[in-house]
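*Asks:* I would like to see how this sequence folds:
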Amino acid sequence: MRAVILLPVIFIMTACSTFSSAPTHKQKSLAAVDSSPAGRGLAFALAHCASCHAVASGSSPNVNAPTFVDVINDPDLTDQTLTPWLRNSHNFPEIMNFEIAAENIEDLAAHMLTLKDPKYKPRI
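*Replies:* Take a look at the predicted model:
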């Protein structure tokens, strides 16, 4: 009789522990995304850019791809030139033949602008 009662209890406890486990790094990042333009831009970047670029912090998975922090803090890239640059950013070289849809450019720019740092120092 005890085994009959214990089996459902063990099943429920196991199921609950699965749902209450600590979120992964990617889940934490996605959970932090909000519906603001910058939040939508981060969500887009995580889905479409993060396989090559570091979209928030850290090192890019592809060593040839600059981090978003490095890109946005380039002194030649300004708030006014960012959106046109994103429209054309992957038109060169052929390996990066990737176009960002017009409806995502403003959101992606909004996210990237959150990474601008007046104290930024380029890595050597």
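*Asks:* can you report how many residues lie near the closest residue to residue 79 other than its chain neighbours?
*Replies:* Sequence neighbours aside, residue 113 is the residue nearest to residue 79 in space, at 6.6 Å (criterion: C-beta to C-beta, 6 or more residues apart in numbering). Where C-beta positions appear, they are placed from N, C-alpha and C, glycine not excepted. Burial measure for residue 113: 14 neighbouring residues, criterion other C-beta atoms under 10 Å.
*Asks:* same check, this time on residue 59
*Replies:* 11.
*Asks:* residues in contact with it?
*Replies:* In this structure, residue 59 makes contact with residue 67, judged by C-beta atoms under 8 Å, 6 or more residues apart in numbering.
*Asks:* measure it to residue 37 for me?
*Replies:* 26 Å (C-beta to C-beta, to the nearest Å).
*Asks:* how about the strand or helix carrying residue 110: buried residues?
*Replies:* Take DSSP states H and E as the rule and residue 110 turns out to sit in helix 102-113. Applying a neighbour-count criterion of 16 or more other C-beta atoms under 10 Å, the buried positions in helix 102-113 are 104, 105, 107, 108, 109, 110, 111, 112.
*Asks:* brilliant, that's me finished.
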